[in-house]
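> quick one, what's the 3D model for this:
(one chain, ligands or ions: 1)
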Amino acid sequence: MVEKCKIMIAGAGLGGMAAAACLLMDGHDVEVFEQARELGEIGAGIQISANAMHVLRHIGVDAELAEQAVRPEAYTFCMGDTGEFVQSFALSVEHEQAHGAPYFHVHRADLHAILVRRVLALKPGCIHLGRRLASYEETSDGVTAVFSDGLRATGDLLVGADGLKSIVRQQMRGSDNPVYTGDSVWRAMVPASKVAKEFDIVEQKLWMMPGGHAIAYFIRNCTIVNFGLVKKKPKTGEESWTTRRPWEELKADVEGWHPAVQAIVDAADKDACFLWALHIREPKSDWSTDRVTALGDSVHATLPYLAQGAAMAFEDAAVLTRALRQEASIAGALQCYQRNRYERTGRVVRESSENGRVFHQPSREALREVFANRNMGRERSNWLFSYNPWTVELT
Ligand SMILES: Cc1cc2nc3c(=O)[nH]c(=O)nc-3n(C[C@H](O)[C@H](O)[C@H](O)COP(=O)(O)OP(=O)(O)OC[C@H]3O[C@@H](n4cnc5c(N)ncnc54)[C@H](O)[C@@H]3O)c2cc1C
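Sure, this is the predicted structure:
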């Protein structure tokens, strides 16, 4: 077991906060360095399945989350224009009974705020804002984080939770040359009261068309509908949550889609439609040195078609914590952590990309045929939702 050590985490996003909480709870001394001057998350929904909920439960935030979360009845796939039912699987009691934790739809800002409160309760003052990691220096005795303002901090271990454009990953493995996939994703949030007629079942709905799909689900006690539209299009946005694009462009992108999709777009705030250009990165197999590692999007960024990016960061946090318990040295723990995460996170990246191909079939007939041979609920239950990062054997 690695005795109490000083751990520096770069990035106070969802992954960084989950890791900070897990490591503090195990008695480590944790400091978090975040580049932003204010803490926060963007206005969007996020799905949290049982595999990720095990981590939030361990951290002790599941009850507070449940007060605002929505527990969907089902996940329903349908045709993007006619709304014809294609397939559905249960997410409510069935998901919890099968996997020992619920499936939640939550507001990202609510989830992030809850995690931040928990981390600060465990160690007041441990989150340092306006600290952008610029590089690190590693010796056999320790690691020094160097920030863009010239300040430095030292510790036994540095964890890069610094997201897609990770400095830790770039220093360790060089640039990863992200490539635009050809798909961009719109996001918007709509007051549920404005689309009550079209959207009256508490479920996750996914509409599929050639070259695109749309999703919608309730968040924050069913007061908001979270909407996303993936569309094949020339790159007009950036790889960012905060690039606003004209509502008229979104409206044009849903031409011919089902009236429920149109209704959501019509009800959207015209000044708050955001477009993210989805890029793909080659997954890395090796993201640790003796004293530096990384988690979440910084090492295995995935397309959002399986809704598992943050879930993977939460699982990483749990497995890293367990590896430090299990191994005698930090270097050994980092190898154990990486060894036990590589295959699973790689599979999530691959299957997410595969879902793009499944959802964006060229015709109605092709879509029906693909789904006739797939049982999405059973498949995801078998390997994805059933994983518990606290109990899975570490090899
Ligand atoms: C459209 C869309 C929908 C999604 N839906 C889901 C979903 O339903 N469920 C799910 O599980 N996942 C979902 N995801 C994926 C999820 O959003 C990400 O995987 C998750 O946010 C990654 O968390 P992270 O902590 O690794 O990185 P981030 O959330 O990006 O956090 C990184 C943090 O590091 C900070 N930072 C960056 N660089 C530095 C630096 N040099 N120094 C210090 N700080 C730094 C950033 O400011 C940020 O606070 C979705 C993604 C997209 C695009």
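> alpha carbons only for contacts and neighbour counts from here, please
Noted.
> Asp110 and Ser135: what is the separation?
From Asp110 across to Ser135, the span is 31 Å (C-alpha to C-alpha, to the nearest Å).
> of those two, give the one with the bigger neighbour count.
Asp110 (20 against 16; other C-alpha atoms under 10 Å).
> per-residue pLDDT, the more buried one?
Listed pLDDT for Asp110 reads 96.
> quick check: Asp156 vs Ala12, distance?
Where Ala12 is concerned, Asp156 sits at a distance of 19 Å (C-alpha to C-alpha).
> settle it for me: which of these two has more neighbours?
Relative neighbour count places Ala12 above the other of Asp156 and Ala12, with 27 against 21, counting by other C-alpha under 10 Å.
> what distance do you get for the residue nearest to that one when sequence neighbours are not counted to Ser148?
Excluding the flanking residues, the one nearest Ala12 by C-alpha to C-alpha, 6 or more residues apart in numbering is Glu34, at 5.4 Å. Distance of Glu34 to Ser148, computed by C-alpha to C-alpha: 12 Å.
> now do the shared contacts for those two.
Residues touching both Glu34 and Ser148 (C-alpha atoms under 8 Å, 6 or more residues apart in numbering) are 131-132.
> the more surrounded of the two?
Glu34 (22 against 14).
> so that one sits against Arg131, correct?
Yes. Look at Glu34 against Arg131 with C-alpha atoms under 8 Å: they come within range, at 5.3 Å.
> helices along the stretch 1-150 of the chain, start to end?
Assigned helices in the stretch 1-150 of the chain, in chain order: 14-25, 50-59, 62-68, 93-99, 108-122 (criterion: DSSP state H, counting those that start in this stretch).
> His213: which of the ones you listed is closest?
helix 108-122 (21.4 Å; C-alpha to C-alpha).
> got the residues of the stretch 251-395 of the chain near the ligand?
296-298, 304, 307-311, 313 (C-alpha under 6 Å from any ligand atom).
> and Val254, how far is that from the ligand?
17 Å (C-alpha to the nearest ligand atom, to the nearest Å).
> helix, strand or coil for the closest residue to that residue other than its chain neighbours?
Excluding its sequence neighbours, the residue lying closest to Val254 (C-alpha to C-alpha, 6+ apart) is Gln262, at 6.8 Å. Using DSSP: H, G, I helix; E, B strand; the rest coil, the structure places Gln262 in helix.
> what's the neighbour count on Gln262?
Per other C-alpha under 10 Å, the neighbour tally for Gln262 reads 16.
> go ahead and confirm it touches Asp253.
No. The pair Gln262 / Asp253 is not scored as a contact, 10.2 Å apart, by C-alpha under 8 Å.
> tell me the secondary structure for Arg380?
Recorded secondary structure, Arg380: helix (three-state DSSP).
> pick out the residue nearest the middle of the chain.
Ala310 (2.4 Å; C-alpha atoms, centre = their mean).
> mind listing what that one touches?
With contact set as C-alpha under 8 Å, 6+ apart, Ala310 has these partners: 14-15, 296-297.
> does it lie in a helix or a strand, and which?
Assigned by DSSP states H and E, Ala310 belongs to helix 309-326.
> quick one: mean pLDDT for that helix?
98.
> report the angle between that helix and helix 14-25.
20 degrees (axes from the mean of the first three to the mean of the last three C-alpha atoms, to 10 degrees).
> relative to Gly45, how far out is Leu229?
Taking C-alpha to C-alpha, one finds Leu229 at 13 Å from Gly45.
> got the contact list for Thr154?
8, 142-145.
> buried stuff in the longest helix along the chain?
Taking DSSP state H as the criterion, the chain has its longest helix at helix 330-359. Within helix 330-359, the residues that qualify as buried are 330-342, 345-346, 348-349, 351-353, 356, 358-359, counting by 16 or more other C-alpha atoms under 10 Å.
> tell me how far it lies from the chain's centre.
Centre-to-centre, helix 330-359 and its host chain are 13 Å apart (C-alpha atoms, centre = their mean, to the nearest Å).
> what's the answer for stretch 165-185, then?
16 Å.
> any residues in contact with both of Gln262 and Asp253?
With the criterion set as C-alpha under 8 Å, 6+ apart, the contacts of Gln262 and Asp253 do not overlap.
> quick check: residues of the stretch 101-250 of the chain near the ligand?
Checking the stretch 101-250 of the chain against the ligand by C-alpha under 6 Å from any ligand atom, the hits are 131-134, 161-164, 166-167.
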